[in-house]
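**Q** Pasted the sequence and its predicted model underneath.
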There are 2 protein chains.
Amino acid sequence: MHNLITIFASEIETMVKYDILKLNNQLCFPIYVASREIIQGYNKYFGDLDITYPQYLVLMVLWEDDEMTVNNIGKRLHLDSGTLTPLFKRMEIKGLITRNRCRQDERTVRICLTDKGKQLKEEAVKIPPQLAKDLTLSEDEIGVLKRLIYKLINKE
Amino acid sequence: MHNLITIFASEIETMVKYDILKLNNQLCFPIYVASREIIQGYNKYFGDLDITYPQYLVLMVLWEDDEMTVNNIGKRLHLDSGTLTPLFKRMEIKGLITRNRCRQDERTVRICLTDKGKQLKEEAVKIPPQLAKDLTLSEDEIGVLKRLIYKLINKE
DNA sequence: AGTTATTAAATTGTGCACAATCAAATTTTT
DNA sequence: AAAAATTTGATTGTGCACAATTTAATAACT
């Protein structure tokens, strides 16, 4: 009897110990999946705009405040120059932005929207509503989710 | 006076129209940031394990069910063979898994853990608690967030 | 049996993401 | 002013992600 209890207890312990490694118990994994699914959702609606999701994020930053440095855009999007420099070069080739060094401080590079980049805003504004209708969450749930996710990333 | 109201109304309209393009109003952007921050968090604790987050996910799947096909692992992780094939090759080189074609159906490849891959579980089990302590969310908030995120990705 | 369709991986090519390093300009300190 | 530290971006190299295509094997159909 004592033996039986011992075995049973140890099995429980083993189960609990490794449960944290089960995919369905993770918080991180579904966030990782959600992020990629969202980007795929955007790609579906970008269609003929010929931009990627990170490029769309850069445009959103610039539509709010044009003429920003690489550094400032990076801070806003939590991305470093190793990611942004080649991304900006691709956007420059597409004619969406310009890149120019500042006179005052030759280290900094100023990113500006071209007219084409500005005009894209009119098409872009149609996209979020299309994505929204694919969501299975209610308005309230979206609000709660948004608040919790922001709390998660603003931990510093 | 009529003119004033008109201008005012149109400004309101413009503001509302483009508000959905502001970064801070987005749901998608913080999820995208959270995903990357979580992966960085894992990298911090992987240390000498010499694995990446996607490789860690594959290991988690195999620790739950060893001997799975490329296809099944892909379904579990929402990843396709274009991502997984080179990833498995890197894991094979590191000696974490083996890759073998099935006799019954030569199209499918069976992925199995090596002893080294199985042993990694002992180190891996220490990681989630370390990450958990970096979180600023309460137990309840984590529960709610997990439920909402799962609801978001299981829409089909 | 022979053709067609389907399925499973692999391959190819592009675009992030990021750690680590480097180079140049600026600021701070002595 | 000269030396040291800091800041800003660019560069290099590795590893995902994923769309699109290809190859090979199996299943379905006539």
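**A** That came through, no problem. Numbering: from 1, shown residues only, chains lettered A, B, ... in the order given.

**Q** Which strand or helix spans A:K17?
**A** Using DSSP states H and E, the secondary-structure element containing A:K17 is helix A:2-19.

**Q** Near DNA strand C, which residues of chain A are found?
**A** Along chain A, the residues adjacent to DNA strand C under the rule CB under 7 Å from any atom of the strand are A:52-55, A:78-83, A:86-87, A:90, A:104-107. (Glycine included, C-beta is placed from N, CA and C.)

**Q** so which of these are also by DNA strand D?
**A** Of the entries in the residues of chain A next to DNA strand C, those that also sit close to DNA strand D under the rule CB under 7 Å from any atom of the strand are A:S81, A:G82, A:P86, A:D105, A:R107.

**Q** which one of those residues is nearest DNA strand C?
**A** Of all these, DNA strand C sits closest to A:G82, with 2.8 Å by CB to the nearest atom of the strand.

**Q** Tell me, please, where in chain A the pLDDT is lower than the cut-off.
**A** Along chain A, segments meeting pLDDT under 70 span A:1-15, A:155-156.

**Q** Give me the residue at the spatial middle of it.
**A** The structure's chain A has its C-alpha centroid closest to A:S35; by CA atoms, centre = their mean the separation is 6.7 Å.

**Q** Report the buried members of the residues of chain A next to DNA strand C.
**A** By the neighbour-count criterion of 16 or more other CB atoms under 10 Å in any protein chain shown, these include these buried positions: A:T52, A:Y53, A:P54, A:Q55, A:H78, A:L79, A:L87.

**Q** How about stretch A:112-123 and DNA strand D, any contact?
**A** No. Judged by CB under 7 Å from any atom of the strand, stretch A:112-123 makes no contact with DNA strand D; its nearest approach is 12.5 Å.

**Q** What are the buried residues along that stretch?
**A** A:L113, A:G117, A:L120, A:K121.

**Q** In strands, which of these appear?
**A** Mapping the buried residues of stretch A:112-123 onto strands (DSSP state E) picks out A:L113.

**Q** would you say A:I111 is within a strand?
**A** Yes. For A:I111, which was evaluated using DSSP: H, G, I helix; E, B strand; the rest coil, the result is membership in a strand.

**Q** returning to that earlier point: and the furthest pair within the ones next to DNA strand D among the residues of chain A next to DNA strand C?
**A** Every pair in these was compared (CB to CB); the two farthest apart turn out to be A:P86 and A:D105, at 22.5 Å.

**Q** Before I go, just wanted to say thanks for your time.
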